[in-house]
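In: just need the structure, nothing else, for what follows:
(chains A and B)
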Amino acid sequence: MDLSIFGYQFMQNAILAAFLGGVACATVGVFVVLMGISFIGVCLSHAAFAGALLGVLLGFDPLLGAFLFSLGTAAIIGPLASRGELNLDTSIGVLFSLMLGLAFIFMGLMSGPKTEMLGLLWGSILTVSNTDLLLLGIVAVGVVGLVLLFFKEIQAVIFNREIALAVGIPASFIIYGILFLTGSTITVSLSPIGGLLIFSLIINPAAAAYQLTYSLKKMFLLSAVFGVVSGWVGLLASYLFNVPSGAAIIVTSSLVFGLATLFSPKRKVKRWRAKDEPSRVL
Amino acid sequence: MRNHREMNGTAVSIERAVVSYREHVALRDVSLEIKRGEFLGVIGPNGAGKTTLLSLINGLGKLVQGRVWVLGHSINHGSVNGIRKRVGYVAQAQNIDPRMPITVKEVVMVGRYGQLGLFRRPNRADREIVDEMLELVGMSHLSKRPIGHLSGGEQQRVAIARALAQEPDMFLLDEPTASLDWRAQGELLDLVRRIHETQKLTTLFVTHDLNALPEACDRVVLMKNGKIWQQGVPELVLKQDILSQLYDAPIMIQEHEGRQIFLKAAG
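Out: Modelled structure (predicted):
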């Protein structure tokens, strides 16, 4: 096997991007899976996409537009759910459709080729820029740092929002913070990892970790490991089999999830042998 | 536990409180005083405003009119969070995902989190309090189990331990025995009475089920249509005619071994 390709700068950048993106997405994924808001990945990535398009349309930095839209949407999800008395997932669905609509309107208003824009949906981990890496690094460190700092509050809110509130924890503040972190992670992952790939990197590692442990700490840890491993193995597979890297990473993370489900101790059922205790009929 | 608690002060004072959710008025002009150390039972049919009354006291409800003081602090202005930390709240049994990654011990520790505040980790003293409360409710042997694996009765005991881990001054219980079997119900009522006595708390016990009303109640408040309909010592208000009117259904009381048993009469 010729692995000399890993000596190239672009490949090393891809490996680093997979590591940082894997850690950030998989960490955020633990919230997403436990709070049952898996749709948020698609919603915020499309918001970021719409924002980037608006940036191109009006001539400002697409990354700035992506950040504004994604964080703006993340900031609206919570209050919209509270005001409208919807569950978070419905609120996310409403905003997702709006963002998709806006993205198409902005695209319709643009002249010239749009392939570059569509690239944001697929991402291109093999052409990551230094800026991408820097931003990914900042967000990954931020996400992990904040989880460590607010671990007990996060644990309480994930367990039960009402109880967290009742014991005197600022539960809404923590939930909005979680949504904000999710928005930031998705925005910085958009160009290196791509809007569609983010979804699988958020859900699959965390869902796999969920199968294997009853400890929230271990779930964060396992999820991050699965995220990074999916990225790296996917990259290797994409090189070996000459398939698109994004797709290879998606398939790898799904495989990790499949294996975790297969070997999940949570699915084991205690064997029970019927003794001579017939039920009585009176 | 704390021994500086004054037994003669007022724990809660509610003056002409109105609470409404959209068009529905949940509490209408309710006034109530609760003394420190009192064990108050709150009964009434579904939708009478019992839970709303509790949520007013732990600062989770929205007051439209009136004034509320809890443990000397006004709910109208000021930090509600500070009050919540001093009020232990046990909600109705809830469905907990059996795969939820949190153990019994960690759930009880959540009770300490509000007291600790942000950026502080539980220390040895906190862990000792958690162990003590688990012991008190008889759940020490299950402390390492995932919370979702416990039965309904066991989960309610853990919820009580969590509320007590707050080292609260007030103890609010909202239908804690609902959906529990006979034995679990009896054991839970015993536990609540014991806790009220040993920890010297001000306890509010809400239930729609008359047979789940602890005998230890000093006073019973009867709620109907968002109002306090009647109140008084149990011997005076727990009467067949009063209860039948409260529930709009004929209710019979039978004595059995010195204990009152409430039955729905035919007709």
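
In: what segments of the stretch 151-267 of chain B are helices?
Out: Shown for the stretch 151-267 of chain B, the helices assigned by DSSP state H, counting those that start in this stretch span residues B:152-165, B:182-199, B:234-237, B:240-247.

In: pick the most buried one from the ones you listed.
Out: When you average the neighbours per residue for each of those (mean count of other CB atoms under 10 Å in any protein chain shown), helix B:152-165 leads with a mean of 25. Backbone N, C-alpha and C define where each C-beta goes, glycine included.

In: tell me how far the nearest residue to B:Gln240 once chain neighbours are set aside lies from chain A.
Out: Nearest non-adjacent residue to B:Gln240, counting by CB to CB, 6 or more residues apart in numbering or on different chains: B:Ile253, 5.4 Å away. Separation of B:Ile253 from chain A (CB to the nearest CB, to the nearest Å): 32 Å.

In: circling back: just put the helices of the stretch 151-267 of chain B in TSV and tack on distance to A:Glu153 and mean pLDDT.
Out: Conversion of these to TSV gives the following (distance: least, CB to CB, whole Å; pLDDT from 0 to 100):
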stretch	distance to A:Glu153	mean pLDDT
helix B:152-165	15	93
helix B:182-199	26	88
helix B:234-237	41	90
helix B:240-247	42	92
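
In: about what we covered before: quick one: contacts for the residue nearest to B:Gln240?
Out: B:238-240, B:243, B:260-263 (CB atoms under 8 Å, 6 or more residues apart in numbering or on different chains).

In: for A:Ala206, same thing?
Out: With contacts taken as CB under 8 Å, 6+ apart, A:Ala206 has the following neighbours: A:26, A:29-30, A:32-34, A:219, A:223.

In: residues contacting the one residue in the stretch 1-150 of chain A that gets nearest to chain B?
Out: Shortest the stretch 1-150 of chain A-to-chain B distance, computed as CB to the nearest CB: residue-wise this is A:Leu149, at 6.7 Å. Shown in contact with A:Leu149 (CB under 8 Å, 6+ apart): B:Phe119.

In: for the stretch 51-200 of chain A, just list every one of the strands.
Out: For the stretch 51-200 of chain A, applying DSSP state E, counting those that start in this stretch gives no strands.

In: so for the residue of it found nearest chain B, what's the nearest residue that isn't a sequence neighbour?
Out: Closest approach between the stretch 51-200 of chain A and chain B, counting by CB to the nearest CB: A:Gly168, at 3.0 Å. In space, and not counting its chain neighbours, A:Gly168 is closest to B:Gly114: 3.0 Å by CB to CB, 6+ apart.

In: how far away is that neighbour from A:Lys152?
Out: According to CB to CB, to the nearest Å, B:Gly114 and A:Lys152 sit 10 Å apart.

In: out of the two, which sits in the busier spot?
Out: A direct count of neighbours by other CB atoms under 10 Å in any protein chain shown for B:Gly114 and A:Lys152 places B:Gly114 higher, at 23 against 20.

In: on that earlier part again, restrict the contacts of A:Ala206 to contacts with chain B.
Out: Taking CB under 8 Å from any CB of the partner chain, the overlap between the contacts of A:Ala206 and the neighbourhood of chain B is A:34, A:219.

In: so what does the spatially most central residue of chain A have for phi and psi?
Out: Within chain A, the residue whose C-alpha comes closest to the C-alpha centroid is A:Ile202; the distance, by CA atoms, centre = their mean, is 2.6 Å. Note on A:Ile202: its backbone torsions stand at phi -80, psi -50 [degrees, to the nearest 10].

In: per-residue confidence at it?
Out: Confidence at A:Ile202, expressed as pLDDT, is 93.

In: ok, now B:Gly114?
Out: Looking at B:Gly114, the pLDDT reads 87.

In: and the helix or strand that contains the residue nearest to A:Gly168 with helix B:152-165, angle?
Out: Secondary structure here is read from DSSP states H and E; on that basis B:Gly114 sits in helix B:104-116. Orientation of helix B:104-116 against helix B:152-165 (axes from the mean of the first three to the mean of the last three CA atoms, to 10 degrees) gives an angle of 30 degrees.

In: now helix B:104-116: how far from the chain's centre is it?
Out: Computed by CA atoms, centre = their mean, to the nearest Å, the chain-centroid distance of helix B:104-116 equals 18 Å.

In: helices and strands around the next helix or strand after that helix, which ones?
Out: If you walk from helix B:104-116 toward the C-terminus, the next helix or strand you reach (DSSP H and E) is helix B:124-136. Counting contacts by 3 or more CB pairs under 8 Å, 6 or more residues apart in numbering or on different chains; DSSP states H and E, helix B:124-136 packs against helix B:104-116, helix B:152-165.

In: to B:Gln92, which of these lies closest?
Out: helix B:152-165 (9.0 Å; CB to CB).

In: and A:Gly231, how many neighbours?
Out: Applying other CB under 10 Å, we find 31 other residues in the vicinity of A:Gly231.

In: am I right that it is in a helix?
Out: Yes: counting by DSSP: H, G, I helix; E, B strand; the rest coil, A:Gly231 falls inside a helix.

In: if we can go back for a sec, show the pLDDT at the residue of the stretch 51-200 of chain A closest to chain B.
Out: pLDDT, read off for A:Gly168, is 89.

In: next: A:Phe6.
Out: Looking at A:Phe6, its pLDDT reads 79.

In: measure it to B:Leu210 for me?
Out: The separation that A:Phe6 has from B:Leu210, given CB to CB, amounts to 74 Å.

In: rewinding a little: any idea which of the contacts of B:Ile253 has the most stuff around it?
Out: For those, the largest number of neighbours (other CB under 10 Å) sits with B:Leu238, at 21 neighbours.

In: which ones are touching that residue?
Out: The contact partners of B:Leu238, by CB under 8 Å, 6+ apart, come to B:210, B:213, B:220, B:253, B:260.

In: quick one: A:Met219 and A:Ala207 touch, right?
Out: No: at 10.3 Å, A:Met219 does not count as touching A:Ala207 under the criterion of CB atoms under 8 Å.

In: rewinding a little: ok, so of the contacts of B:Leu238, who is nearest chain A?
Out: Checking those one by one against chain A (CB to the nearest CB), the nearest turns out to be B:Leu213, at 23.1 Å.

In: surely the closest one meets B:Val206?
Out: No: counting by CB under 8 Å, B:Leu213 sits too far from B:Val206 to count as a contact (9.7 Å).

In: so what sits against both of these two?
Out: Between them, B:Leu213 and B:Val206 share the neighbouring residues B:41, B:43, with contact defined by CB under 8 Å, 6+ apart.

In: so which residues on the stretch 101-250 of chain B come close to chain A?
Out: Among all residues of the stretch 101-250 of chain B, those adjacent to chain A (criterion: CB under 8 Å from any CB) are B:101-103, B:106-107, B:109-111, B:113-116, B:118-119, B:121-122, B:146-147, B:162, B:166.

In: residues contacting residue 21?
Out: Picked chain A for this. The neighbourhood of A:Gly21, defined by CB under 8 Å, 6+ apart, consists of A:136, A:140, A:189, A:192-193, A:201, A:227, A:231.

In: please refer instead to chain B.
Out: Contacts for B:Tyr21 were tallied using CB under 8 Å, 6+ apart; they are B:Lys62.

In: and the pLDDT for the residue in the stretch 151-267 of chain B that chain A sits nearest to?
Out: When distances are taken as CB to the nearest CB, the stretch 151-267 of chain B approaches chain A most closely through B:Gln166, which lies 6.0 Å from it. Reading off the confidence values, B:Gln166 has pLDDT 93.

In: same deal with A:Arg273?
Out: 64.

In: about what we covered before: export the helices and strands packed on helix B:124-136 as JSON lines, with columns for distance to A:Gly101.
Out: Putting the helices and strands packed on helix B:124-136 into JSON lines (distance: least, CB to CB, whole Å) gives the following:
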{"stretch": "helix B:104-116", "distance to A:Gly101": "41"}
{"stretch": "helix B:152-165", "distance to A:Gly101": "44"}
